[in-house]
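Visitor: How does the following fold in three dimensions:
(one chain, ligands or ions: 1)
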Amino acid sequence: MADIIARLGQLEASASYGLTLPDGRHVFLVRVHDQVSAFVNRCPHQGVPLNLPEGDFLEAGGELIQCGMHGALFLPETGECVFGPCQGRFLEALPISIDAEGNIHLAGE
Ligand code: FES
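Guide: Residues are numbered from 1 along each chain as shown. Coordinates of the predicted model:
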């Protein structure tokens with residue numbers, strides 16, 4: 001199985017976590033309503049990290065991913081932008097799996 005990239009215990013409900021993979025990719029995990037998703041940390045609009053200025057990846061309500069610079073909002077389930085300059089475009093999703101011990105792995109790597 002692929003390397004562990006995080007543990008479920010690091011993500012409380014409505015929480016996000018950014019990390020750099022061994023291959024140098026900047027990614028982040030979000031947990032909303034007990035669903036965990038992973039995305040490349042790059043906005044489809046300007047190609048910059050979403051948490052600029054440095055901060056959380058979720059808007060204040062903890063329901064949607066937010067671009068820290070422009071306030072664009074993305075669905076945590078699919079990465080689709082539903083508000084903002086990149087509306088209708090998608091974050092690059094990374095398939096993950098969670099094992100019985102709560103370890104999060106990148107699937108297929
Ligand atoms: S960089 Fe794309 S919405 Fe902010």
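Visitor: any low-confidence regions in this protein?
Guide: 1, 109 (pLDDT under 70).
Visitor: For stretch 39-59, measure first residue to last.
Guide: In stretch 39-59, first residue to last residue: 16 Å (C-alpha to C-alpha, to the nearest Å).
Visitor: which bits of the chain sit near the ligand?
Guide: Where the chain comes near the ligand, counting by C-beta under 6 Å from any ligand atom, the residues are C43, H45, Q46, V48, C67, M69, H70, A72, G84, P85, C86. C-beta: built from backbone N, CA, C; applies to glycine.
Visitor: so the second one is in which element?
Guide: H45 is located outside every helix and strand, with elements delineated by DSSP states H and E.
Visitor: Distance check, it against E12.
Guide: Relative to E12, H45 is positioned 29 Å away (C-beta to C-beta, to the nearest Å).
Visitor: Which of the two has more residues huddled nearby?
Guide: H45 (17 against 10; other C-beta atoms under 10 Å).
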